[in-house]
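J.: whatever this is, show me its structure:
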Amino acid sequence: MTPTLTALPAPPDRNTILIGDAASHLATVEEASVDMALTSPPYFRLRDYGHHAQLGLEADVDEWVAALLAVARHIARTLVPTGTLWLNLGDTYATHPSQGARVKSLLLAPERLALALTGDGWILRNKIVWAKPNPVPTSVRDRLTCSYELVFILSRQPRYHFDLDAIRQPHRSHPPLSHQRPGRQRATREAWRGPNAATHHGLDALKARGYVGHPLGKNPGDVWHFAPSRGHDRHHAAFPLALAQRAIEAGCPEARCQACRRPWTRPVIRQLGHRAIRQSLRPTCQCHAPPEPGLVLDPFLGSGTTAVAAERLRRDWLGVELNPDFAAAAAQRLQQSRDEGAAA
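T.: Alright, predicted model coming up:
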């Protein structure tokens, strides 16, 4: 079934591409209905998407920040209390002092937006470095080639849905040759650590029992290595499908309660030895209502990567795209992905 395309600001159904301005369409989305927003908005003065109402071509970087801050406020209204915003951003250099910095200076556009978001009530939980093994080459001779972009993870509440176990990676180190019995040594805080320094007491306890780390694998960390995505039709700024899939696995629940919209989770149990398995999905509420798929929102859908990743992971999605040509191409890409899935 081909995704629905509509230019009307009607209350949107799931798995629909809304054509038009992001802020206007987000105003029609039901309050507290979205589990996760994953998007890569137009970067400051780096792309011309061929639309008179596009974001990204503002006169100075602070105007760009203000425009995206307005969109983020709509996203905040649509998120469930356990929801998160995943924001992929790149930076650029000033070509004129009026843009917000001296000529040739990095504008720090992502950081400016992050500071504005935290000032607007968001909690900045992670700054992921998306490292590109094959970045676009540059002829510039007085600085280094930029080979990364940033992905910010933001929440509205201190407690939110984050499925770390779904994205754990295999350990590379080996178990210790010998281990102590649990509780034999009590972990102490080293004197040199400052008040905000992280400790490793949990990892020390696991190693004391003979584990390398968590039985399901290690935390992937905040540097993600993904090759940039090739362009899709006229859209030349798509982020990688693998990056979107990892983000959605962590940020959007596989299922949620239809009544209260709290996420369903997979508890982890340890079996004999060092083995651990994830159990079947279970509710985290007492509503006794049936589940429904989690919902991912992308207010700048572009080539449709978020939607394709969501469907492959059996989540629902909702996208907004200003450019009708991009929306049509995204719909075609979605249909192609569905056809490939059906043939597999």
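
J.: I'd say residue 122 and residue 158 touch.
T.: No: look at residue 122 against residue 158 with C-beta atoms under 8 Å: they stay out of range, at 11.8 Å. C-betas here are computed from N, CA, C, even on glycine.

J.: the two: who's more crowded?
T.: Per other C-beta atoms under 10 Å, whichever of residue 122 and residue 158 has more neighbours is residue 122, with 22 against 7.

J.: nearest residue to the more buried one other than its sequence neighbours?
T.: residue 154 (4.4 Å; C-beta to C-beta, 6 or more residues apart in numbering).

J.: how many neighbours does the one you found have?
T.: 24.

J.: what sits opposite the residue most central in space within the chain in the beta ladder?
T.: For the chain, residue 86 is the residue whose C-alpha lies nearest the centre (C-alpha atoms, centre = their mean; 3.3 Å). Counting by DSSP bridges, residue 86 forms beta bridges with residue 38, residue 153.

J.: report pLDDT for it.
T.: Residue 86 is assigned 98 on the pLDDT scale.

J.: so where's the protein shaky on pLDDT?
T.: Applying pLDDT under 70 to the chain picks out residues 1-11, 174-189, 199-211, 230-237, 271-274.

J.: can you give me the strands for it?
T.: Using DSSP state E, the strands of the chain run over 4-6, 16-19, 34-39, 79-89, 123-131, 148-155, 223-225, 255-257, 268-270, 276-278, 291-293, 295-298, 316-321.

J.: please, where are all the helices along the stretch 1-150 of the chain?
T.: 22-26, 61-78, 109-119 (DSSP state H, counting those that start in this stretch).

J.: for residue 336, which of those is the nearest?
T.: helix 22-26 (24.6 Å; C-beta to C-beta).

J.: and residue 224, how close does it get to residue 245?
T.: Distance of residue 224 to residue 245, computed by C-beta to C-beta, to the nearest Å: 11 Å.

J.: what's the neighbour count on the closest residue to residue 49 other than its chain neighbours?
T.: The shortest distance from residue 49 to any residue other than its chain neighbours is 5.7 Å, reached at residue 323 (C-beta to C-beta, 6+ apart). Applying other C-beta under 10 Å, we find 20 other residues in the vicinity of residue 323.

J.: what sits against residue 323?
T.: When contacts are counted by C-beta atoms under 8 Å, 6 or more residues apart in numbering, residue 323 touches 49-51, 54.

J.: and if we set it to 7 Å?
T.: 49-51 (C-beta atoms under 7 Å, 6 or more residues apart in numbering).

J.: for it, give me phi and psi.
T.: phi -90, psi 120 (degrees, to the nearest 10).

J.: right, and the residue nearest to the centre of the chain touches residue 38 too?
T.: Yes: when contacts are counted by C-beta atoms under 7 Å, residue 86 is listed as touching residue 38 (4.4 Å).

J.: overlap in contacts, those two.
T.: When contacts are counted by C-beta under 7 Å, 6+ apart, residue 86 and residue 38 have 247, 251 as shared neighbours.

J.: against residue 167, how distant is residue 228?
T.: Distance from residue 228 to residue 167, by C-beta to C-beta: 20 Å.

J.: again but with residue 83, I slipped
T.: Residue 83 is 18 Å from residue 167, by C-beta to C-beta.

J.: please say which of the two ends up with more neighbours.
T.: residue 83 (29 against 18).

J.: report how many residues lie close to the closest residue to that one other than its chain neighbours.
T.: Ranked by C-beta to C-beta, 6+ apart and with sequence neighbours excluded, the top spatial neighbour of residue 83 is residue 35, at 5.4 Å. Neighbour count for residue 35, taken as other C-beta under 10 Å: 26.

J.: what of residue 229?
T.: Neighbours of residue 229 using other C-beta under 10 Å come to 18.

J.: what of residue 314?
T.: Residue 314, neighbours per other C-beta under 10 Å, totals 10.

J.: wait, it sits on residue 291?
T.: No: counting by C-beta under 7 Å, no contact exists between residue 314 and residue 291, whose distance comes to 11.5 Å.

J.: my guess is residue 169 meets residue 217, correct?
T.: Yes: between residue 169 and residue 217 there is a contact under C-beta under 7 Å: 5.2 Å.

J.: which one's more surrounded, these two?
T.: Each of residue 169 and residue 217 has its neighbours counted (other C-beta under 10 Å); residue 217 has more, 16 against 12.

J.: name the nearest residue to the more buried one, ignoring sequence neighbours.
T.: residue 168 (3.2 Å).

J.: with residue 56 instead?
T.: Residue 56's closest residue in space is residue 42 (C-beta to C-beta, 6+ apart), at 3.1 Å.

J.: correct me, but that neighbour touches residue 54?
T.: Yes: Residue 42 is within contact range of residue 54, at 6.3 Å (criterion: C-beta under 7 Å).

J.: neighbour count winner among these two?
T.: Regarding residue 42 and residue 54, a neighbour count based on other C-beta under 10 Å identifies residue 42 as having more, with 22 against 16.

J.: show me what contacts the more buried one?
T.: Taking C-beta under 7 Å, 6+ apart, one finds 49, 54-56, 300 in contact with residue 42.

J.: many thanks, we can stop here.
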